[in-house]
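Undergrad: 3D, please:
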Amino acid sequence: MDRDLPTFLGLPEDDDAAPDVVVLPLPYELTTSYGQGTADGPIACLEASAQVELHEVLLGEDLPAGLRFRTETPWSSEAGSLLEQLDDIEAFLRPWCGGDVFPLSLGGEHGILPPMLAALRDHPALGGDLSRLTVVQIDAHADLRSELDGEPYSHACAAARALDLGVGRLLQVGVRAHSLEEQKRIDDDERITAWFARDVMAPSGGEAAWASLLDALHALEGPVHLTFDLDGLDGTLVPATGTPVPGGLTFWHAIQAIEGVFSAPKATVISADVNEIARQADSPLTQFTAAMLATKIVGAHALARREGRWSAVGDAQQGRRTPLPRKTFSSMGND
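TA: Residues are numbered from 1 along each chain as shown. Below is the predicted model of the structure:
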């Protein structure tokens with residue numbers, strides 16, 4: 001890694017040691033449709049993470065809690081088309097998706113999700129079959145559009161393209177801004193279960209709906225990917241994200257959801273991402289909130305390791321960064 005770049009949590013890192021957790025910055029911003037700034041979000045998050053307290057109450061000790069972290073040099077691409085850039089993201093991520101290390105990606109717009117899931121296909125827990133994977137999506141938006149402004153790989157279509165790749169189950173949390181097309185897909189696609197913000201955050205009845213969600217998270221089984229779009233939080237917490245929406249999760253709802261996903265006794269969270277991070281110019285609130293969520297994900301992963309819900313499998317990937325030849329997206333065309 002370029003050591004002029006910040007490390008996650010400001011911790012010292014040993015480039016010669018195989019990591020347990022790898023943090024993968026993805027400064028991708030090609031299809032944002034409202035606010036801008038996600039290209040600078042991952043670095044802003046890493047910078048802010050140096051101010052996060054290291055104590056993890058779940059562990060009863062400070063991070064890294066015996067784990068070795070590696071913060072990778074941010075992804076970059078000179079590819080000339082959107083689909084070729086998605087291929088490049090997939091190639092960047094795949095060496096870290098072999099099951100021996102826990103990958104946490106920092107984005108970048110939510111369009112990073114399809115190549116991230118494509119990179120996971122060869123994970124030993126999936127064996128090339130994404131129908132085994134459950135995606136838990138915390139998000140203000142359903143991201144189930146067929147296209148936005150003529151682009152099917154827009155950030156607004158990320159969950160739809162994930163399902164097109166063959167993902168077996170999608171659990172959505174906090175949705176409160178979606179189209180009629182998306183509502184119909186939620187109603188008609190048996191793979192999708194949505195907990196809308198109007199239900200889980202309602203002043204009357206919200207507590208029962210939230211408890212039902214936590215029960216569903218506890219009942220998760222098999223491999224899981226957690227994708228956390230910052231706008232899933234109430235907009236007052238992340239005003240710099242591209243599309244802040246009122247009425248979202250509080251910080252403590254988010255923490256409880258993350259802990260719930262990782263503590264499911266029959267599930268294994270094999271990867272995670274925090275996305276739609278943008279640098280807030282007048283305050284560090286947005287990027288610091290993103291860093292806090294990323295830290296909680298790492299802490300919950302560390303507890304899952306300790307309690308036997310995650311163990312390293314596959315071959316050691318230390319230092320292997322050569323992109324693999326698969327071209328998932330450019331080979332599809334852009335119809």
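
Undergrad: for Trp210, which three-state class applies?
TA: What DSSP: H, G, I helix; E, B strand; the rest coil gives for Trp210 is helix.

Undergrad: that one contacts Thr250, correct?
TA: No: using C-beta atoms under 8 Å, Trp210 makes no contact with Thr250, being 10.6 Å away. Just so you know, the C-beta spots here come from the backbone N, C-alpha and C atoms, and that holds for glycine as well.

Undergrad: looking at these two, which is more packed in?
TA: The residue with more neighbours, out of Trp210 and Thr250, is Trp210; 20 against 13, by other C-beta atoms under 10 Å.

Undergrad: how far away is that one from Ser263?
TA: Noted for Trp210: a distance of 16 Å to Ser263, by C-beta to C-beta, to the nearest Å.

Undergrad: and if you look at Gly166?
TA: Gly166 sits 27 Å away from Ser263, taking C-beta to C-beta as the criterion.

Undergrad: and what of Pro115?
TA: Counting by C-beta to C-beta, the gap from Pro115 to Ser263 is 28 Å.

Undergrad: now do Ala209
TA: Counting by C-beta to C-beta, the gap from Ala209 to Ser263 is 20 Å.

Undergrad: so what's the residue count around Arg204?
TA: You called it Arg, but residue 204 is Ser. Residues near Ser204, counting by other C-beta under 10 Å: 6.

Undergrad: so what pLDDT did it get?
TA: Ser204 carries a pLDDT value of 92.

Undergrad: repeat that for Gly260.
TA: Reported pLDDT for Gly260: 98.

Undergrad: neighbours of the residue nearest to it when sequence neighbours are not counted, how many?
TA: Closest residue to Gly260 apart from its sequence neighbours, by C-beta to C-beta, 6 or more residues apart in numbering: Leu217 at 3.8 Å. Leu217 is flanked by 22 other residues according to other C-beta under 10 Å.

Undergrad: now do the one 3 residues further on
TA: A count of nearby residues for Leu220, using other C-beta under 10 Å, gives 22.

Undergrad: one more: Gly98?
TA: 19.

Undergrad: same deal with Thr38?
TA: 30.

Undergrad: look up how far Leu303 lies from it.
TA: 29 Å.

Undergrad: just the buried residues of the helix ranked longest in the chain, please?
TA: Scanning the chain for the longest helix, with DSSP state H as the assignment, gives helix 285-306. For helix 285-306, burial by neighbour count (16 or more other C-beta atoms under 10 Å) applies to 286-305.

Undergrad: same check on stretch 192-202?
TA: So stretch 192-202, judged by 16+ other C-beta under 10 Å, has buried residues 192, 194-197, 199-201.

Undergrad: redo the residues you listed as JSON lines? Include distance to Tyr153 and secondary structure.
TA: Shown next, in JSON lines, are the buried residues of stretch 192-202 (distance: C-beta to C-beta, whole Å; DSSP: H, G, I helix; E, B strand; the rest coil):
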{"residue": "Ile192", "distance to Tyr153": "19", "secondary structure": "strand"}
{"residue": "Ala194", "distance to Tyr153": "22", "secondary structure": "strand"}
{"residue": "Trp195", "distance to Tyr153": "26", "secondary structure": "strand"}
{"residue": "Phe196", "distance to Tyr153": "25", "secondary structure": "strand"}
{"residue": "Ala197", "distance to Tyr153": "26", "secondary structure": "helix"}
{"residue": "Asp199", "distance to Tyr153": "30", "secondary structure": "helix"}
{"residue": "Val200", "distance to Tyr153": "29", "secondary structure": "helix"}
{"residue": "Met201", "distance to Tyr153": "30", "secondary structure": "coil"}
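
Undergrad: is Leu237 in contact with Ser283, as I believe?
TA: No: at 11.3 Å, Leu237 does not count as touching Ser283 under the criterion of C-beta under 8 Å.

Undergrad: higher neighbour count, those two?
TA: Leu237 (22 against 10).

Undergrad: need phi/psi at that one.
TA: phi -90, psi -30 (degrees, to the nearest 10).

Undergrad: residue contacts, it?
TA: 248, 250-251, 285-286, 289 (C-beta atoms under 8 Å, 6 or more residues apart in numbering).

Undergrad: re earlier: looking at Pro115 and Ser263, which one has more neighbours?
TA: A direct count of neighbours by other C-beta under 10 Å for Pro115 and Ser263 places Pro115 higher, at 29 against 19.

Undergrad: any idea how far the more buried one is from Gly108?
TA: Distance from Pro115 to Gly108, by C-beta to C-beta: 11 Å.

Undergrad: and what of Ala91?
TA: 15 Å.

Undergrad: ditto for Ser76
TA: 12 Å.

Undergrad: what is in contact with those two at once?
TA: Pro27.

Undergrad: quick one on the thing from earlier: looking at Ala91 and Gly108, which is more packed in?
TA: Set Ala91 next to Gly108 and count neighbours by other C-beta under 10 Å: Gly108 wins out with 31 against 22.

Undergrad: residues contacting that one?
TA: 25-29, 38-39, 41-42, 275-277.

Undergrad: please redo it, this time with the cut-off set to 6 Å
TA: When contacts are counted by C-beta atoms under 6 Å, 6 or more residues apart in numbering, Gly108 touches 26-28, 38, 275.
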